[in-house]
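**Student:** return a 3D structure for these sequence lines:
(2 chains)
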There are 2 protein chains.
Amino acid sequence: MPTFSRAFREDLKTLFRWRRDVRRFRGDPVPAETLNALLDLAALAPSVGLSEPWRFVTVEEAGRRAAIRAIFAGCNAESLAGQTGSRASLYARLKLAGLDQAPCQFAVFAEPDPEQGHGLGRRTMPETVAYSAVMAIHTLWLAAAAEGLGLGWVSILDPAAVSQALDVPRTWLFIGYFCLGFPETAQQTPELEQAGWEHRRPAGSGVIRR
Amino acid sequence: MPTFSRAFREDLKTLFRWRRDVRRFRGDPVPAETLNALLDLAALAPSVGLSEPWRFVTVEEAGRRAAIRAIFAGCNAESLAGQTGSRASLYARLKLAGLDQAPCQFAVFAEPDPEQGHGLGRRTMPETVAYSAVMAIHTLWLAAAAEGLGLGWVSILDPAAVSQALDVPRTWLFIGYFCLGFPETAQQTPELEQAGWEHRRPAGSGVIRR
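**Tutor:** The predicted model follows:
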């Protein structure tokens, strides 16, 4: 194992602190070689039984991007309708996706029953294939932030509609849709916290002992 | 956003390449302040609607650790029984968990319906609470590797049995059980690949375009 310097570990903490979910993007494109390098790094993520079950689908066709925007608009309107009182007006003011601006967009799926890995580690917990894909996404997210790029995770979507819009195998499990690009601004505070929607808990409050 | 140096980005790639799933641990303990610092970093992970749904349960009591080992032994025996031919003998030779050695152990759960976050982002995809917990785990995994510590994810477990053994709320969703400690050896090649169980695909093979 290489030894990592104190300076590296401090910078890594800074990366964790500044990695944001970005919904406001500048227009300049993400170079193709940058995206390819990020996708290669994502594949270094851990996976159950070394099954590498992640499937990245880059979305470039205008018609498919429009279909995703329409699915988001419908789902978001339904989510807004479920809010009441002051939460409803607050929700209506939130910008929850950068689908209109992000120069680079991709979806991530998981192969639910991959041959690769020979089933190891997922007999009692088949959801570990989805979890493996999530770690690949998170790897890409951190690597992107280290390059000054922002990623936004869009989950206000109907999985079946997304799979159809992107014409992928029906068996694939939809994990999320992602917007990638250079952020308009950099913030250490999550956008939902700035907007008054929610704030983080004190450190340590999610830990119990047994 | 801070600007990250080229040297940092190279070291980050090295970290991604060397982060292993570790099942063979040295006996020296993980200092309590190191574990606490890692848990604090894990809470910097992204979460759906800023819900921070992860629940870390550190497991120190000998009786509870023995219960986890027994659950693993039973599930692993069943998994072995499902293997046939040369795969069965290969499976039998794999060391799939460091439960017998790891000085530090913890389980991770997700609160499936957290009040925090006010439901944002998970109406159509409730599984995003589990995915948030997975990103907290992955954050801790990387931070641990940067400190020279190894993490092993144990998924060959019955979730209901684990929840009962650890006496956590029944509603919590079990994500995984983790072994943390200093690794016996450092390897850039995944242990499952060294053992001949599976190998990684060529870069780029998990990507399609639309």
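
**Student:** show me the strands in chain A, by range?
**Tutor:** Secondary structure of chain A (DSSP state E): strands at A:54-58, A:104-110, A:150-154, A:173-181, A:207-209.

**Student:** please enumerate the helices of chain A.
**Tutor:** Assigned by DSSP state H, chain A shows helices spanning A:6-18, A:32-42, A:62-81, A:85-93, A:128-146, A:159-166, A:191-194.

**Student:** still on that earlier bit, lowest average confidence across the strands of chain A, which one?
**Tutor:** Mean pLDDT is lowest for strand A:207-209 among the strands of chain A, at a mean of 92.

**Student:** how about that one: buried residues?
**Tutor:** Going by neighbour count (16 or more other CB atoms under 10 Å in any protein chain shown), the buried part of strand A:207-209 is A:V207. For the C-beta atoms, the positions are set from N, CA and C on the backbone; glycine is no exception.

**Student:** so which of the helices of chain A is the most surrounded?
**Tutor:** Highest mean neighbour count among these (mean count of other CB atoms under 10 Å in any protein chain shown): helix A:128-146, with a mean of 26.

**Student:** measure the most centrally placed residue in chain A to B:R93 for me?
**Tutor:** Geometric centre of chain A, nearest residue: A:W153, 3.6 Å, by CA atoms, centre = their mean. Relative to B:R93, A:W153 is positioned 40 Å away (criterion: CB to CB, to the nearest Å).

**Student:** so A:T3 makes contact with B:G148?
**Tutor:** Yes: using CB atoms under 8 Å, A:T3 makes contact with B:G148 at a distance of 6.9 Å.

**Student:** looking at these two, which is more packed in?
**Tutor:** Neighbour count, other CB atoms under 10 Å in any protein chain shown: between A:T3 and B:G148, B:G148 has more, with 13 against 8.

**Student:** now for that one: which residues touch it?
**Tutor:** If a contact means CB atoms under 8 Å, 6 or more residues apart in numbering or on different chains, then B:G148 has A:1, A:3-4, B:182 as its contacts.

**Student:** same thing but 10 Å
**Tutor:** A:1-4, B:182-183, B:186 (CB atoms under 10 Å, 6 or more residues apart in numbering or on different chains).

**Student:** stretch A:60-75 near chain B at all?
**Tutor:** Yes: Stretch A:60-75 reaches chain B (CB under 10 Å from any CB of the partner chain) through A:60-61, A:63-65, A:71, A:74-75.

**Student:** output the strands of chain A as JSON lines; include the columns distance to A:S89.
**Tutor:** Formatted as JSON lines, those follow (distance: least, CB to CB, whole Å):
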{"stretch": "strand A:54-58", "distance to A:S89": "35"}
{"stretch": "strand A:104-110", "distance to A:S89": "29"}
{"stretch": "strand A:150-154", "distance to A:S89": "22"}
{"stretch": "strand A:173-181", "distance to A:S89": "25"}
{"stretch": "strand A:207-209", "distance to A:S89": "35"}
